[in-house]
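predicted model follows, preceded by the sequence.
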Amino acid sequence: MRITEVRVFVTCPLRQNYVVLKILTDEGVYGVGEGTVMSNEVVVARYLEHIKELLIGQDPRNSEDLWHLIFRSGYWRSGPVFKAALSAIDFALWDVKGKIANLPVYQLLGGASRRGVTVYGHAGGREPKEVEDSVRSFLERGYKVVRCQMGGYGGSGVLRHEPPLREGLPGIDIFEPPRYLLEMPRLFEHLRNALGMEVELCHDVHEQLTPTEAAWLAKRLEPYRLFFLEDPVSLEEREGLRLIRQSCATHLAIGEIFTEREECLPLFQERLIDYIRIAPLHVGGITEARKILTLAEPFSVKSAFHGAGDLGPISQAAAVHLQMVIPNFGVQEWTDFRSQQALCDVFPTPCELHDGMTRPNEAPGLGIDFNEELAQKFPPRSYYMPMLRRADGTMHRF
Ligand code: MG
């Protein structure tokens with residue numbers, strides 16, 4: 001069996017661009033993969049166009065060897081663009097492998113270790129009562145874990161919004177930590193009084209604090225028993241997790257922009273985190289994500305894979321397959337693609353949610369397809385991450 005053709009697409013069926021890879025073989029079986037890196041989609045696609053030649057003529061069943069072939073193909077072997085391209089190839093090879101075996105990928109990885117993959121949804125609001133109502137709407141729909149944010153993406157520390165320099169560029173949020181630091185304990189005090197202590201609630205700091213500020217916050221949130229506090233410090237300041245650990249026993253999660261196992265391992269060994277937030281899409285696919293979670297297992301670190309809307313339905317399916325199997329599964333961040341018809345048309349058929357849990361589709365391979373004719377009707381668009389500045393105009397961290 002040989003790879004005969006590799007096709008690369010960037011499509012934007014709704015709001016987000018998705019990079020899709022299709023590997024075709026001489027036996028008519030094909031596999032689909034995804035290599036989306038938010039706001040760098042066309043860069044990943046161009047890189048895939050460059051390296052796809054290395055795959056032509058290879059046996060797609062040798063996914064481990066092909067992983068290393070691509071990994072060693074560049075003198076530089078790291079970074080999000082390179083790892084996303086490698087992941088897209090890895091996903092597509094696992095899809096091919098499952099189709100040949102006539103089994104869903106999770107069966108090839110070891111079979112089901114649980115009834116399904118528990119997910120968390122994103123609740124939000126401008127003030128505590130609004131957040132409470134939003135959390136309740138998730139609980140009513142069966143969610144068992146809910147992320148709670150107040151005041152939009154920048155949190156309640158956003159003092160005001162300023163318009164972009166010109167149309168098409170991101171606007172600027174003016175952020176000051178003190179208000180955010182004071183408002184978050186007030187939010188969780190309200191939520192615990194209203195909802196009780198049992199429901200699982202988490203919160204994402206979005207890397208906006210210094211280690212000292214983060215330790216101050218984590219200590220004050222400790223009585224409210226968070227499922228986890230996410231990205232309390234930035235990737236660059238992850239050494240600061242030690243200070244938080246010394247201050248309290250709030251569960252910590254980090255890693256959604258990690259791309260390397262070497263970023264994860266020291267945090268496991270020093271027992272600085274409870275959940276690793278990597279996405280298989282950004283570390284090298286199912287093959288590498290599984291190895292990272294094996295490294296995490298002896299240190300009681302569980303998966304909490306990144307799964308916001310910037311990662312598409314193929315990536316989501318791959319993450320769900322892997323988390324059906326690994327012993328140290330924690331939770332999966334959830335985007336409901338099933339309710340977005342345009343996405344279901346281009347990517348039949350995304351994973352489904354029942355009572356707060358998802359399962360892989362039982363079709364052979366990843367269980368998700370890609371309508372390439374339709375996808376080409378939705379060209380990619382340009383967008384940028386929001387910008388944060390302090391009140392005096394200084395660029396804020398992240
Ligand atoms: Mg996050």
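Done, it's in.

where in the stretch 151-300 of the chain is pLDDT low?
Low-confidence segments of the stretch 151-300 of the chain, defined by pLDDT under 70: 153-154.

hmm, try it at 50
Counting by pLDDT under 50, not a single residue of the stretch 151-300 of the chain qualifies.

mind listing the helices for it?
When assigned using DSSP state H, counting those that start in this stretch, the helices of the stretch 151-300 of the chain occupy the ranges 177-195, 211-221, 241-247, 261-269, 280-283, 285-296.

let's check: the centremost residue of the chain is which one?
Centre of the chain computed as the mean C-alpha position; nearest residue by Cα atoms, centre = their mean is His306, 2.1 Å away.

my guess is it contacts Phe258. True?
No - counting by Cβ atoms under 8 Å, His306 stays clear of Phe258, with 9.4 Å between them. In this view, the C-beta of every residue, glycine as well, is placed from N, C-alpha and C.

mutual contacts of these two, please.
With contacts defined as Cβ atoms under 8 Å, 6 or more residues apart in numbering, the residues shared by His306 and Phe258 are 277-278, 282.

any chance of the residues you listed in JSON lines, with distance to Val105 and neighbour count too?
Listed next are the shared contacts of His306 and Phe258 as JSON lines, based on distance: Cβ to Cβ, whole Å; neighbours: other Cβ atoms under 10 Å:
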{"residue": "Arg277", "distance to Val105": "22", "neighbour count": "23"}
{"residue": "Ile278", "distance to Val105": "18", "neighbour count": "28"}
{"residue": "His282", "distance to Val105": "18", "neighbour count": "27"}
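
closest to Glu362 among those?
Distance ranking of the shared contacts of His306 and Phe258 against Glu362, using Cβ to Cβ, places Ile278 first at 25.9 Å.

burial of the nearest residue to the closest one once chain neighbours are set aside, as a residue count?
Spatial nearest neighbour of Ile278, chain neighbours left out: Gly255 (4.9 Å); criterion: Cβ to Cβ, 6 or more residues apart in numbering. Other residues lying near Gly255 total 27 when counted by other Cβ atoms under 10 Å.

what sits against Gly255?
Shown in contact with Gly255 (Cβ under 8 Å, 6+ apart): 263-264, 267, 273, 276-278, 306.

just put the helices of the stretch 151-300 of the chain in CSV and tack on distance to Gly171.
Formatted as CSV, the helices of the stretch 151-300 of the chain follow (distance: least, Cβ to Cβ, whole Å):
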stretch, distance to Gly171
helix 177-195, 19
helix 211-221, 24
helix 241-247, 31
helix 261-269, 31
helix 280-283, 26
helix 285-296, 34
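
what's the biggest helix by length in the chain packed up against?
For the chain, the longest helix by residue count, based on DSSP state H, is helix 80-101. Packed against helix 80-101 by the contact rule (3 or more Cβ pairs under 8 Å, 6 or more residues apart in numbering; DSSP states H and E) you find strand 18-25, strand 30-34, helix 41-51, helix 63-71, helix 105-109, helix 280-283, helix 285-296, helix 313-325.

gap between it and the chain center?
On the basis of Cα atoms, centre = their mean, to the nearest Å, helix 80-101 is displaced by 17 Å from the centre of the chain it belongs to.

got it, and stretch 145-155?
16 Å.

hmm, Val158 is touching Asp173, no?
Yes - using Cβ under 8 Å, Val158 is in contact with Asp173, at 4.7 Å.

what do these two both touch?
Counting by Cβ under 8 Å, 6+ apart, the contacts common to Val158 and Asp173 are Leu388.

neighbour count: the two, which is higher?
Asp173 (21 against 18).

give me the distance between the more buried one and Pro128.
Distance, Asp173 to Pro128, using Cβ to Cβ, to the nearest Å: 21 Å.

okay but Arg245 is in contact with Asp274, surely?
No - Arg245 is not in contact with Asp274 according to Cβ under 8 Å; the separation is 10.1 Å.

quickly list what's touching both of those two.
Common neighbours of Arg245 and Asp274 (Cβ under 8 Å, 6+ apart) are Leu252.

those two - which one has more neighbours?
Between Arg245 and Asp274, counted using other Cβ under 10 Å, Asp274 has the larger neighbour count: 20 against 17.

list the contacts for Ala214?
With Cβ under 8 Å, 6+ apart, Ala214 has these contacts: 205, 232-233, 240, 243-244.

relative to Ala215, how far out is the residue nearest to Ile278?
As for Gly255, its distance to Ala215 is 19 Å (criterion: Cβ to Cβ).

and Glu27, by the same measure?
As judged by Cβ to Cβ, Glu27 and Ala215 stand 57 Å apart.

and for Leu108?
43 Å.

do Lys52 as well
Distance from Lys52 to Ala215, by Cβ to Cβ: 47 Å.

ok, Asp26 - how many residues close by?
Asp26 is flanked by 12 other residues according to other Cβ under 10 Å.

from memory it sits against Met1, does it?
Yes - between Asp26 and Met1 a contact is recorded at 6.6 Å, counting by Cβ under 8 Å.

which ones are touching Tyr180?
151, 155-157, 208.

grab the nearest non-local neighbour of it.
Per Cβ to Cβ, 6+ apart, closest to Tyr180 is Gly157, 3.0 Å.

next: Glu183.
Leaving aside its sequence neighbours, Glu183 sits nearest to Ser156 (Cβ to Cβ, 6+ apart; 4.1 Å).

and that neighbour, what does it touch?
150, 179-180, 183-184, 187.
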